[in-house]
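**Q** Generate coordinates for the sequence data below:
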Amino acid sequence: MTEKVHIYDKEAKKISAYLINENISSDLVDLYAECLIKKLEITKITDSEKTLWSIALMHTLFLDSIDNALRFYNSYSPIRARIYIMACILECQPTYINYFLIEKKTILDLLKLFIEFILYPFKLALGFFLILIFHNNG
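**A** Take a look at the predicted model:
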């Protein structure tokens, strides 16, 4: 594609790691970049969110926490729009479809879900803290 793809490479891989805990192919990075370019007005990171987005891309824990907090703080955030775009791309790929289909759960899956349930308030608090500190309202 273009040089723009290289700009989106890190974020596409970071978001996919957050969503499915896997690295994606360069074809999917290209598709992600193409979608962002076509939908620039809803995915353009505002000046007030640039630092927050940089923090989110540092580690999937930060991305997870910020995404959870933005659900309540600003559900139409360009950050969330980018995560939705990647989720849609992954959901349509035969390789990753099993991450999005309901399957019969094992005891281990239920234990992981229980641990996520316990950790959720802490991730949410971290996300709100990061928004409070790094989201510039000006």
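**Q** tell me the contacts of Ile97?
**A** Glu91 (Cβ atoms under 8 Å, 6 or more residues apart in numbering). Bear in mind the C-beta positions are built from the backbone N, C-alpha and C, glycine included.
**Q** May I have the distance across stretch 33-51, first residue to last?
**A** 20 Å (Cα to Cα, to the nearest Å).
**Q** actually stretch 91-105, not the one I wrote
**A** 19 Å.
**Q** Pull out the buried positions in that stretch.
**A** By 16 or more other Cβ atoms under 10 Å, the buried positions in stretch 91-105 come out as Gln93, Tyr96.
**Q** Ile45 contacts Arg80, doesn't it?
**A** No - contact status for Ile45 versus Arg80: not in contact, 11.3 Å apart, counting by Cβ atoms under 8 Å.
**Q** What part of the protein, helix or strand, is modelled with the least confidence?
**A** Every helix and strand in the chain was compared by mean pLDDT, DSSP states H and E; the lowest is helix 40-43, with a mean of 82.
**Q** Report all helices and strands that it contacts.
**A** Contacts defined by 3 or more Cβ pairs under 8 Å, 6 or more residues apart in numbering; DSSP states H and E place helix 40-43 against helix 78-91.
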